[in-house]
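Participant: Got a sequence here, can you model it:
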Amino acid sequence: MTVTIYHNPDCGTSRNTLAMIRNAGIEPTVIEYLKTPPSRETLVDLIERSGLSVRDVVRQKGTPYADLGLDDPLVSDDQLIDAMLEHSILINRPLVETDHGVRLCRPSEVVLDILPEARTVPFVKEDGEVVIDELGRRAK
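Facilitator: Okay, the predicted model is just below:
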């Protein structure tokens, strides 16, 4: 199983997603996208394979989203991609790629959709929320 996570270590959701992957016994390729942003081709491919729109993958909170005028519905997908490449903080996280697909893992449990190996391994988030109980059942 090949797993890649576009990770921000300062984000609790990203940390929980990474921990869930590792808890399944998988050591993913970790790309700290704020330090090493993806190429245009990679970003477009990840968005397309996730099934989301470009706008769905743009992070608004804590970013220059509004200051750059990206909230204008007339801003095109290409313009949004350009902005995400110029300001990588605009890329919502974590994006995870596995052999089973690509997902924006918000909330972190979304990773279970593309990581069947993690579905039965007990896991508790860093805030104490149970995701998979001791019997291997998904809590939600």
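Participant: Going along the chain, name the helices of the chain.
Facilitator: When assigned using DSSP state H, the helices of the chain occupy the ranges 12-23, 40-50, 54-57, 77-86.
Participant: Ok, which of the ones you listed comes nearest Arg93?
Facilitator: Arg93 lies closest, by CB to CB, to one member of those: helix 12-23, at 5.1 Å. C-beta here means a position set from N, CA and C on the backbone, and glycine is covered the same way.
Participant: Please list the outside residues in contact with the closest one.
Facilitator: Helix 12-23 has contacts (CB atoms under 8 Å, 6 or more residues apart in numbering) with 3, 5, 7-9, 28, 30, 93-94, 96, 105-109, 111-112, 115, 118, 121, 123, 125-127, 131.
Participant: Repeat that for stretch 32-49.
Facilitator: Under the contact criterion CB under 8 Å, 6+ apart, stretch 32-49 has outside partners 6-9, 31, 53-54, 57, 81, 84-85, 88-89, 91, 93, 95, 97, 101-102.
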